[in-house]
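Engineer: How does the following fold in three dimensions:
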Amino acid sequence: MVPVMWTVWGALVVISAAVWIYRSRLERDEEDQIFIDDAFSHERAAQAAIVTKVNKVQPVFRAMVTVTAVATVFVIGYYIYDIFHQF
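Structural biologist: Reported below is the predicted structural model:
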């Protein structure tokens, strides 16, 4: 059971890191500015597309972090249980 537990935990960490890196790459090009003139409508559209992509990825990122945290608590709990079970 221990190798499976560590494999699942490792996979969750790698997937969480990949989603985090993807979200960071999207946010890298996001700018916090207001486009008042219509001459910059293409920039406004590009920024809106980036915000839309980030908003789609955000729930997946939060879910992966939550699942990874639960798996981490499970791994720690398993070893705490094992320590108490040995005594």
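Engineer: Taking the centroid of this protein, which residue is nearest it?
Structural biologist: When C-alpha atoms, centre = their mean is applied to the chain, the residue found nearest the centroid is Phe61 (3.0 Å).
Engineer: does that residue sit in a helix, a strand or a coil?
Structural biologist: Here Phe61 is recorded as helix under DSSP: H, G, I helix; E, B strand; the rest coil.
Engineer: Now it: closest residue in space that isn't a chain neighbour?
Structural biologist: Leaving aside its chain neighbours, Phe61 sits nearest to Val19 (4.9 Å; criterion: C-beta to C-beta, 6 or more residues apart in numbering). For every residue, glycine as well, the C-beta is placed using N, CA and C.
Engineer: ok now do that neighbour, which residues does it touch?
Structural biologist: Contacts for Val19 (C-beta atoms under 8 Å, 6 or more residues apart in numbering) come out as Val57, Val60, Phe61, Met64.
Engineer: now that we have these, which one has the most neighbours?
Structural biologist: Met64 (18 neighbours; other C-beta atoms under 10 Å).
Engineer: From Leu12, how far off is that one?
Structural biologist: Per C-beta to C-beta, to the nearest Å, Met64 is found 7 Å from Leu12.
Engineer: Same check on Asp82?
Structural biologist: Using C-beta to C-beta, one gets 21 Å for the distance from Asp82 to Leu12.
Engineer: higher neighbour count, those two?
Structural biologist: Legend: neighbour count by other C-beta under 10 Å for Asp82 and Leu12, higher for Leu12 (18 against 10).
Engineer: Spit out the contact partners of that one.
Structural biologist: Met64, Val67, Thr68, Ala71.
Engineer: where's the first one, which helix or strand?
Structural biologist: In other words, Met64. helix 41-86 (DSSP states H and E).
Engineer: Give me the neighbour count for Leu26.
Structural biologist: 18.
Engineer: Now it: which helix or strand?
Structural biologist: Using DSSP H and E, Leu26 maps to helix 2-28.
Engineer: can you give me the offset of the helix holding Met64 from its chain's centre?
Structural biologist: For helix 41-86, the separation from the chain centroid amounts to 4 Å (computed by C-alpha atoms, centre = their mean, to the nearest Å).
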